[in-house]
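In: A structural model of the following input is requested.
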Amino acid sequence: MTARGIDRSPRPRRIPLLLPAAMLVASLCGGGQATAGTGAGTGRDELSCRAGLAARGARTAALPAIADGDCGSALPLRLTGVRGVAIRRPATTTCAMADALDRWTLEVVVPEARRFLGAVPEAVLVGTSYQCRTRNRIAGAQLSEHAYANAVDVHGFVFAGRGEVAMKPHRRGSPEALFLAAVRRRACDYFTTVLGPGTDATHADHLHLDMRARSGGYRICQ
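Out: Below you'll find the model as predicted:
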């Protein structure tokens with residue numbers, strides 16, 4: 001397990017932006033800025049992101065802007081599935097986060113499942129996506145990326161005929177262990193933070209994936 005550079009500088013405070021309906025339409029058509037939360041860019045970027053998801057067969061729905069104190073997301077969406085694989089339960093995320101989860105599932109999870117398990121997953125099991133809370137729910141800590149709809153916790157994968165492969169330690173060298181190790185290792189190519197079993201007690205039963213922006217493009221993969 002490695003850490004690809006850790007930025008310990010203080011996190012700037014982000015204020016969620018609640019866009020009026022007309023501004024939201026303008027932003028999605030390239031005529032405005034969406035600046036609240038990591039992963040939010042220009043309206044043209046957002047339109048391109050959502051078009052890419054649709055082209056790959058992702059199942060999404062636009063959601064109203066979320067503004068809850070310092071938490072929220074200007075342009076969230078609900079991701080209910082990628083091509084042939086359900087997201088269970090549906091995830092509320094930024095488009096950038098949904099895009100990374102979609103590509104990781106199609107380009108890594110599905111082929112690695114075929115390679116090690118001889119099957120394609122029916123569903124990715126998601127615990128928390130958007131949630132207004134601090135990191136690890138510690139009072140006084142910085143807000144989690146979950147608070148910006150910029151993170152997803154993956155608890156495992158469901159396969160027809162073999163049930164769930166949970167994100168937890170499996171017998172060393174078993175197909176399940178090799179599969180989970182492969183998808184976790186390659187998640188670092190899609191997400192800027194990857195934490196899971198062995199990182200600490202709070203991540204013992206799931207894979208935390210987020211898109212936090214850090215100086216120098218640093219990533220944390222543990």
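In: Tell me which residues touch Leu53, please.
Out: Counting by C-beta atoms under 8 Å, 6 or more residues apart in numbering, Leu53 touches 60, 79, 95, 98-99, 102. The way it works is simple: take the backbone N, C-alpha and C, and place the C-beta from them, glycine included.
In: I'd like to know which of these is nearest to Gly118.
Out: Asp102 (23.3 Å; C-beta to C-beta).
In: circling back: are any of the contacts of Leu53 buried, and which?
Out: For those, a neighbour count by 16 or more other C-beta atoms under 10 Å gives the buried set as 60, 79, 95, 98-99, 102.
In: Out of the residues you listed, which sit inside helices?
Out: In helices, defined here by DSSP state H, the members of the buried ones among the contacts of Leu53 are 95, 98-99, 102.
In: what's the farthest-apart pair in the residues you listed?
Out: Farthest pair in these (C-beta to C-beta) is Cys95 and Asp102. Separation: 10.0 Å.
In: quick one: low-confidence ranges for the protein?
Out: Where the chain drops to pLDDT under 70, the residues are 1-42.
In: For it, which segments are assigned as strands?
Out: 59-62, 66-68, 71-73, 77-82, 85-93, 123-126, 151-159, 163-166, 193-195, 207-210, 220-221 (DSSP state E).
In: any chance of those strands in TSV, plus distance to Val109?
Out: What follows is the strands of the chain, written out as TSV (distance: least, C-beta to C-beta, whole Å):
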stretch	distance to Val109
strand 59-62	16
strand 66-68	27
strand 71-73	25
strand 77-82	9
strand 85-93	8
strand 123-126	7
strand 151-159	7
strand 163-166	11
strand 193-195	13
strand 207-210	11
strand 220-221	17
